[in-house]
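Student: Give me the fold of what follows.
(chains A and B)
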Amino acid sequence: GENVEQHPSTLSVQEGDSAVIKCTYSDSASNYFPWYKQELGKGPQLIIDIRSNVGEKKDQRIAVTLNKTAKHFSLHITETQPEDSAVYFCATADAGKSTFGDGTTLTVKP
Amino acid sequence: SAVISQKPSRDICQRGTSLTIQCQVDSQVTMMFWYRQQPGQSLTLIATANQGSEATYESGFVIDKFPISRPNLTFSTLTVSNMSPEDSSIYLCSVHGGTGGKDTEAFFGQGTRLTVV
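Tutor: Just a heads-up that it's a prediction; the model follows:
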């Protein structure tokens, strides 16, 4: 089955700096790559996603890049703010089934 | 999009007892997913619940321990049976948006935080 590895497990940045989280996956059939943000006491929520026919996607301060050949994708958050502090999960999906990375706890220090 | 109501939001249970978690979706969906998230860990899929058929369980999870009901296209329950402290975890219900077989984002309930004492 699919295996998704996510790094780093924790990340601490100063407000205004950029944060990058990286994931690799094993199943070349995976075609959908979402990123979720989970705040304390809540379920994960989608923040950005990318499909296998696209190399990069941007939404304001958040961007995702995908390298299908190397089987890795990354989340980039620029101009970080304290409210960006949360746990972030990458995931892959194929035929309705999602596989999640282990999560990255991002702390943005004011 | 989909709005998922999950209850209870939290519970503290005695070992050996069972807890049933309910999940209500505001639209009809074919598949509903149940995940477990142990403290500080990622989401692990327990089973996929289809309306009108038996749930499909992932490796390491069995029906006797985690029986699932799916009586209609908007509702499902997960029961955690004969609980032990190792079952202390967050349990999440999820559905996928979109149609036509295209993979899309997952929507989650707020989770049920279970503590077994």
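
Student: which residues touch the residue of chain A found nearest chain B?
Tutor: Nearest residue of chain A to chain B: A:Gly43, at 3.0 Å (CB to the nearest CB). (C-beta placed from N, C-alpha, C; glycine too.) By CB atoms under 8 Å, 6 or more residues apart in numbering or on different chains, the contact set of A:Gly43 is B:Ile4, B:Gln6, B:Leu92, B:Ser94, B:Phe108, B:Gly109, B:Gln110, B:Gly111.

Student: partners of the helix or strand bottoming out on mean pLDDT in chain A in the sheet?
Tutor: In chain A, the helix or strand scored least confidently by mean pLDDT, DSSP states H and E is strand A:97-100, which has a mean of 86. With DSSP bridges as the test, strand A:97-100 is paired with strand A:86-94 (antiparallel).

Student: Quick check: residues of chain A near chain B?
Tutor: Within chain A, the positions near chain B by CB under 8 Å from any CB of the partner chain are A:31-32, A:34, A:36, A:41-46, A:49, A:89, A:91, A:93-98, A:100-103.

Student: just the buried members of the residues you listed?
Tutor: Burial by neighbour count, judged by 16 or more other CB atoms under 10 Å in any protein chain shown, picks out A:31-32, A:34, A:36, A:43-44, A:46, A:49, A:89, A:91, A:93-94, A:96-98, A:100-103 from the residues of chain A next to chain B.

Student: State the distance from A:Asp27 to A:Lys97.
Tutor: From A:Asp27 across to A:Lys97, the span is 10 Å (CB to CB, to the nearest Å).

Student: do the same with A:Pro44
Tutor: 16 Å.

Student: Can you list the low-confidence ranges for chain B?
Tutor: Counting by pLDDT under 70, the ranges of chain B that qualify are B:98-102.

Student: what residues does it put near chain A?
Tutor: Close to chain A, as judged by CB under 8 Å from any CB, chain B has residues B:4, B:6, B:31, B:33, B:41-43, B:45, B:48, B:92, B:94, B:96, B:101-106, B:108-111, B:113.

Student: Mark which of those are part of helices, please.
Tutor: In helices, defined here by DSSP state H, there are no members of those.

Student: Of those, just the buried ones, PyMOL syntax please.
Tutor: Typed into PyMOL, the next command selects the buried ones out of the residues of chain B next to chain A (criterion: 16+ other CB under 10 Å):
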select buried, chain B and resi 4+6+31+33+42+43+45+48+92+94+96+103+104+105+106+108+109+110+111+113
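
Student: got the contact list for A:Asp80?
Tutor: In this structure residue A:80 is Thr, not Asp. A:Thr80 neighbours (CB under 8 Å, 6+ apart): A:Val13, A:Gln14, A:Glu15, A:Gly16, A:Asp17, A:Ser18, A:Ala19, A:Arg61, A:Leu106, A:Val108.
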